[in-house]
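Trainee: Output the structure for:
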Amino acid sequence: VPRKPHPKGNEYHSICCSVSGVMYGIEIVEGKDRPRQLDKPEYHEKGATASLLLHLCKPLFATGKLVVLDSGFCILQALLTLKQYGVFAS
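Mentor: Modelled structure (predicted):
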């Protein structure tokens, strides 16, 4: 984890409900060492960041929930795709 003072350990991406605290999903970050023979991530054609956002939001599809995003995830194509799946984002 390069941004940490002691760059050891794992980095995770997660999605949680801000009201209840329920965690909908967690995923370990795969770096450059990810074996190439593994299947490409779901939604890979949308780009790395959009793919991650859509993958993490999958449990929320068709719920009409609102997802509040960090500015790094505000990618127009991903936001429009979320809307098609019944999830709203800001």
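
Trainee: For this protein, just list every one of the strands.
Mentor: 12-16, 23-28, 66-67, 88-89 (DSSP state E).

Trainee: what's the most buried one of those strands?
Mentor: Of these, the one with the most neighbours on average (mean count of other C-beta atoms under 10 Å) is strand 88-89, at a mean of 16. Bear in mind the C-beta positions are built from the backbone N, C-alpha and C, glycine included.

Trainee: Quick check: neighbours of that strand in the sheet, parallel or antiparallel?
Mentor: strand 66-67 (parallel) (DSSP bridges).

Trainee: if you average pLDDT over the partner strand, what comes out?
Mentor: Averaged over strand 66-67, pLDDT sits at 90.

Trainee: how far is that strand from where the chain is centred?
Mentor: 13 Å (C-alpha atoms, centre = their mean, to the nearest Å).

Trainee: cool, stretch 43-57 as well?
Mentor: 6 Å.

Trainee: again, but for stretch 20-34
Mentor: 8 Å.

Trainee: Now do that stretch: everything it contacts.
Mentor: For stretch 20-34, the surrounding residues in contact (C-beta atoms under 8 Å, 6 or more residues apart in numbering) are 10-17, 52, 55-56, 58-60.

Trainee: do stretch 76-85 as well
Mentor: Residues from elsewhere that reach stretch 76-85 (C-beta under 8 Å, 6+ apart): 43, 46-47, 49-50, 53-54, 57, 61-62, 67, 88-89.

Trainee: I am finished for the moment; much appreciated.
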